[in-house]
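Visitor: Pasted the sequence and its predicted model underneath.
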Amino acid sequence: MKCPYCQHPETRVIDSRESKKGLSIRRRRQCSACQRRFTTYERIEEVPFMVVKKDGSRQPFDGQKLLRGMLKACEKRPIPVSKLEEIVEEIETKLQEKPEKEMSSSEIGALVMDRLKELDKVAYVRFASVYREFKDVVEFKQELENLLKEK
C-alpha cells in the first residue's frame, strides 16, 4: 500500500479491526519511510448501487461523498467522525439489503436526517437546509419550529 503522504511503496499494518456489522475491515498503517500513520478500509466489491438524483440522472453511490456532506453539517460540533462513518455504513447496509440496486437521493437524505436529528439538532438543521434547499428564512424558521415542537 502506497503512503498517501510521501508515496513510499512500503507500509505496514499496525492494527486491524472488523466493523460492527462485519462489512469492512479498518486497518491502521504506518509508512516505513516517513513513519506517518493513515487508515485504509477493505470492503467486499459488489455491484454498484445507483443513486437516482432529483433530475432523474443516476450515479454510483459514494459513501465518501455522503460522509463529506455530513462532516460539513457537523463542523464545529461535538460529534466524532466514527459516529458519522457508522451512519454511512448503516445506509450502505440498507442499500445492500434492498432487492433493487437503486435508491433515490431523497430517501438517502431522509435516512441521514433521521440519524442526525437523533445525534445533534444543529447538524440536522444544517444538513436539512442544504438537502431540502430552503428558499428563504421562512422555510428555515418553520423547520426550527417543527424541531422545537418535537421537544
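Guide: Cool, got the structure.
Visitor: hey, let's count contacts and neighbours off CA atoms from now on
Guide: Will do.
Visitor: now residue 16, what's its secondary structure?
Guide: Three-state call for residue 16 (DSSP: H, G, I helix; E, B strand; the rest coil): strand.
Visitor: Ends of stretch 50-63, what's the gap?
Guide: End-to-end distance of stretch 50-63 (CA to CA, to the nearest Å): 12 Å.
Visitor: what does stretch 24-38 give?
Guide: Stretch 24-38 has an end-to-end distance of 16 Å (CA to CA).
Visitor: can you give me how far it is from the chain middle?
Guide: In terms of CA atoms, centre = their mean, to the nearest Å, the gap separating the centre of stretch 24-38 from the centre of its chain is 22 Å.
Visitor: Name the residues that touch it?
Guide: Contact with stretch 24-38 is made by 3-6, 8, 10-19, 39-44, as judged by CA atoms under 8 Å, 6 or more residues apart in numbering.
Visitor: what mean pLDDT would you report for it?
Guide: For stretch 24-38, the mean per-residue pLDDT is 95.
Visitor: Tell me the buried residues in it?
Guide: For stretch 24-38, the neighbour count (16 or more other CA atoms under 10 Å) marks 25, 27-31, 37-38 as buried.
Visitor: Show me which of these is closest to residue 83.
Guide: Checking the buried residues of stretch 24-38 against residue 83 by CA to CA gives residue 25 as the nearest, at 16.1 Å.
Visitor: Which pair of the buried residues of stretch 24-38 spans the longest distance?
Guide: Using CA to CA, these span at most 18.9 Å, a distance reached by 25 and 31.
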